[in-house]
Structures are given as C-alpha cells and as structure tokens.
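Q: what shape does this take:
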Amino acid sequence: MIGNEDRFATTAVNRWPKITLREANITLIDCDHRTPPASHVGYPYVAIPQLKQGRIDLTDVRRIASEHYRDWTLKAKPRANDVILSRRCNPGETAVVPPNLEFALGQNLVLLRADGTRVYPPFLRWLVRSPEWWEQIQKYLNVGAVFDSLKCADVPNFELSIPSLSIQRHIAHILGSLDDKIELNRQMNETLEAMARAIFKSWFVDFDPVRAKAEGRQPAGMDAATAALFPDGFEEIDGREVPMGWEVAMLGDVAENIRRPTTPHKVSPETPYIGLEHMPQHSIALNDCGLASDVESGKFGFRRNEFLFGKLRPYFHKVGIAPVDGVCSTDILVINPKKDSWYSYVICAISTDDFIEYTNLGSDGTKMPRTNWSTMEKFTISIPPKPIVNEFNSRISSVFEKIIANIHESRTLGQIRDALLPKLMCGEISLKTVDSSFDF
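A: Below is the predicted model of the structure:
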C-alpha cells in the first residue's frame, strides 16, 4: 500500500528534486580498455551488440578464458541491478545486469551502480530509459566524424528527477512485472523451439524410432500408435541410407519461394517491416520489426506464418516465422510449404545446422556472399510416408502457434510498458491506478 505522500498526479513531478547522478550516489565504473583473446568456452564477454531492448542478449556472445575473466573484472565486475551503458556507436543505450550472470565488460561500456541511499537499485534500469535520460544524452553527446560518443566525466553530471524511494520501488515493481513476463515468454519460446528441433532431429535426421525398432526396442518417449508408423529397418537410395518405405527428395519438392515484389509507398506506412537486423540469431521467434515508413527501396511482401530466411552470409542462421503480414528486405527469402501438412517439417528443416552449412557452402559472391532459392531447393531431404508427416505436424504446429501467441502477448506488454514508463517517470498518471494490476 502506498502512503498518501507517495501518490502523485500530474503536478507531483514538480516536488521531485532534480539532482545529478553523482548526487544520487550512482557510481560510474569504467571498463578495461583492452580486448581479451577469444576462447571456445568460458565466460561471456559482453560488448555493445549484446545490449538489446534493456537486457543482455548472450546469443553468439564472445567467450573468454577464466584467467582473462579474472583480469578483466578486477576493475569492473558487474553486479545484479547494475546498468551497462554504451558510450559509443549507440550512446545512451543500456541493459540491466540480471542476477547470477558472471561476465566481463567490453570496450566502450561502463557500469552504473546505485548504492540504494538515493536510488533504489532495481529502479535504476528504468531511470536510464526515461525521456529525461535521453535529453541528457543529447545535451552531453559528442558528435564525431565516425561515431558519436559520451565521456565518462560527463555522465555523473546528468541531472534527473528522482522521486522518493517508496515511489521508486512501486514504479520498479510495475515496469519490472511487465518486463519479467516478456522475458518469461522469450524463455518459454526458446524451450518450445528446442523441443521442436529435438523431435525433428530424432525423427527425420537421426531416425531414432527406426533404429530403436530395428534393435527390438520401443522408441523412447513414443506411444505405441505413433511407433507403429515407423518401419523397423533401413534401405539405401542413391547412396543414402533411409528408413524402409521412405523416399529421397529435394526441399523444392515440399517448399517454394514466394516472391511478392513491392515498394514501401504501395503499402501503409504502419506496415511491419523486417530486415536482417530484426531477425534474432538461431531462433525462429521474430519479436522485433520496424515500419515500412522507415525504408525506401523495393521490398518483398510476406504473410503471417510464412518463413523468412536471411540469404546473406553470415546471416543464413537467421530463420523465422512471420508473426504478422508485412514487408521484408530483399536480402530475405520468403518460403512456404507447398502443402499445409508440411508446415512444421519445412520450418524445422530450413533451420537445421545441416541446412545452414549447405547454404554456406553454396553461397557465392566476394564482398557479401549470398545464397538463392535455386540452390536451396536442391537440398536433399528424407521424405517419410504421409501418416508420419501428418503426425509430426499435428504435434509441432501447436508449438509454433504458442510461440506466435507469446510473441503477440509480449508485444502488447511491451507497448504497455513503453507507454507507462514516461508517464510514471514524470508523474503524469497515479501509481494508485496501476500498482495492483501488474502481478503476473
């Protein structure tokens, strides 16, 4: 329950003192201005590309060895609720440090740390995303010939309106609840996708059910009716071992490249636009997009549930399911199964490591090697009888439907969060009206 002194309306912001980060006892901790050697395994080395939408994205993060981690964290060792600030390339962008994540800080990044006396540590992540924060970024930004940047000496001088600790706790709870639900949806999608990939690999790449039956065993985790669909032996077709009764074919036999050339001025400015920069790595969940009004050159149209595949190397690993109708970059191929029953099979097939490696080997060009559908459609696949395809699709299509539903829910929650943030931070709306509504 909030005390009367902490309930605020549109004029309450005038009572909040505007103080500097230094006066708010927020410490700036600079990074180590060296780059450690990379390692195949080890601790994450978080650099500017890992700062995404207020969180740290460890997808394809560089790794460093234990001894280098120790050296690079002597000066700046991140703690939970610290905020990472980028000073260069995208100056002002931030990401919160989650609990139990050990990593080293990359160059051109600094840590901001609240001691809790004037700023509640979980509130800091929202303070640095407020309109006032971006006003200070513009005030102190150093415009360079190549990169704009911030100076470490300037950041502690940023002046921001700081409410009471009680208000800070409630704002952090409201916005944090929304953000935590978005993160939970992301993690759930990651799990669902991993499950779909594992089943596809087991059934259609490793042929685990067939091998189990050939050895007189019941296929693991499979009911008797489903197991009965699989044969108990293999045969060779064109030098390739496949289960008995299956066929060897090409991807183009079950999928096609959809081409709908268009230009931005032919569609609504609010039409979603997806470029390679919006597609996550090693994930089919497309959570991000821009708008057609942001682009000028010709594009391809796509429809909800069609597949998008980045055709530029090294972006072949960017494969996703379109959550909405929209337009995409011409560096992205739009792919669709020829029959609905092949939906789950096709998206799993084009996101396998084998297919990514195939497109890598078949790409051409010097500066920006790229693949094309005429190469991709020749990828060899094993075709099972229809009952197995139908069974796989009936199991896995619901997984992809849940992934899409989670994406839409997260977008809605993100819009609510982003709309609430500036209003809460300036006192435009009352905490009393929203505080009890965001327990997930």
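
Q: only the C-alpha atoms, please, for stretch 262-278, written as PDB.
A: Extracted in PDB, the C-alpha atoms of stretch 262-278 (Å, rounded to 0.1, in the frame of the first residue of the first chain):
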ATOM      1  CA  THR A 262       6.500  -4.300 -53.700                       C
ATOM      2  CA  THR A 263       7.700  -0.800 -52.800                       C
ATOM      3  CA  PRO A 264       7.100   1.000 -49.400                       C
ATOM      4  CA  HIS A 265       4.900   3.700 -51.000                       C
ATOM      5  CA  LYS A 266       2.500   1.000 -52.100                       C
ATOM      6  CA  VAL A 267       1.700  -0.100 -48.600                       C
ATOM      7  CA  SER A 268       0.600   1.600 -45.400                       C
ATOM      8  CA  PRO A 269       3.500   3.400 -43.600                       C
ATOM      9  CA  GLU A 270       2.400   1.400 -40.500                       C
ATOM     10  CA  THR A 271       3.000  -1.900 -42.300                       C
ATOM     11  CA  PRO A 272       5.500  -4.000 -40.300                       C
ATOM     12  CA  TYR A 273       9.000  -4.200 -41.900                       C
ATOM     13  CA  ILE A 274      11.500  -6.900 -41.100                       C
ATOM     14  CA  GLY A 275      15.200  -6.600 -42.100                       C
ATOM     15  CA  LEU A 276      18.100  -8.800 -41.200                       C
ATOM     16  CA  GLU A 277      18.700  -6.600 -38.200                       C
ATOM     17  CA  HIS A 278      15.300  -7.500 -36.800                       C
END
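
Q: just give me how far that stretch sits from the chain centre.
A: Chain-centre distance of stretch 262-278: 20 Å, with CA atoms, centre = their mean, to the nearest Å.

Q: so what touches that stretch?
A: The contact list for stretch 262-278 (CB atoms under 8 Å, 6 or more residues apart in numbering) reads 286, 288-302, 308, 310, 312, 315, 318, 322, 324-329, 331-332. Any C-beta I mention is one placed from the backbone N, CA and C, and that applies to glycine too.

Q: pLDDT (mean, whole number) over stretch 108-124?
A: In this model, stretch 108-124 carries a mean pLDDT of 97.

Q: could you work out the end-to-end span of that stretch for me?
A: 20 Å (CA to CA, to the nearest Å).

Q: now it, how far from the chain's geometric center?
A: Going by CA atoms, centre = their mean, where stretch 108-124 is centred and where its chain is centred differ by 25 Å.

Q: where do the strands sit along the stretch 301-440 of the chain?
A: Using DSSP state E, counting those that start in this stretch, the strands of the stretch 301-440 of the chain run over residues 307-310, 319-321, 326-328, 332-337, 380-383.

Q: export the last one to PDB, keeping only CA atoms.
A: By that I understand strand 380-383. Listed next in PDB are the C-alpha coordinates belonging to strand 380-383 (Å, rounded to 0.1, in the frame of the first residue of the first chain):
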ATOM      1  CA  THR A 380      18.400 -33.300 -50.100                       C
ATOM      2  CA  ILE A 381      15.800 -34.500 -47.600                       C
ATOM      3  CA  SER A 382      14.300 -37.800 -46.500                       C
ATOM      4  CA  ILE A 383      10.600 -38.000 -47.200                       C
END
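
Q: and the contacts of it?
A: Residues outside strand 380-383 that contact it (CB under 8 Å, 6+ apart) are 204, 240, 242-243, 246-251, 253-254, 349.

Q: quick one: which of those residues is nearest to residue 88?
A: Nearest to residue 88 out of these is residue 349 (CB to CB; 40.5 Å).

Q: so the closest one touches residue 355, yeah?
A: Yes - with contact defined as CB atoms under 8 Å, residue 349 reaches residue 355; the gap is 6.2 Å.

Q: ramachandran coordinates for residue 57?
A: When read as degrees, to the nearest 10, the backbone of residue 57 gives phi -110, psi 110.

Q: quick check: it touching residue 46?
A: No - counting by CB under 8 Å, residue 57 stays clear of residue 46, with 9.2 Å between them.

Q: so how far is residue 274 from the residue nearest to residue 319 when sequence neighbours are not counted?
A: Of all residues not flanking residue 319 in the chain, residue 351 sits nearest, at 4.4 Å (CB to CB, 6 or more residues apart in numbering). Distance, residue 351 to residue 274, by CB to CB, to the nearest Å: 16 Å.

Q: what's the burial count for the closest residue to residue 331 other than its chain neighbours?
A: Spatial nearest neighbour of residue 331, excluding adjacent residues (CB to CB, 6+ apart): residue 312 at 5.1 Å. Look at residue 312: counted by other CB atoms under 10 Å, it has 17 neighbours.

Q: and residue 312, what does it touch?
A: Residue 312 is in contact with 276, 331, 368, 369, 370, counting by CB under 8 Å, 6+ apart.

Q: from the residues you listed, which is closest to residue 153?
A: Closest approach between these and residue 153, by CB to CB: residue 276, at 36.7 Å.

Q: list the buried residues of stretch 58-67.
A: For stretch 58-67, a neighbour-count test (16 or more other CB atoms under 10 Å) marks 61, 62, 63, 64, 65 as buried.

Q: residues touching it, excluding its own?
A: 36-47, 50, 72, 103-104, 280-283.

Q: mind redoing it with 10 Å?
A: Stretch 58-67 has contacts (CB atoms under 10 Å, 6 or more residues apart in numbering) with 35-47, 49-50, 52, 69-72, 101, 103-104, 106, 190, 280-283, 314, 317.

Q: these in strands, which ones?
A: Members of those lying in strands (criterion: DSSP state E): 43, 44, 45, 46, 52, 104.

Q: how about low-confidence regions in the chain?
A: 1-15, 145, 366, 430, 432-440 (pLDDT under 70).

Q: good, we can wrap up now.
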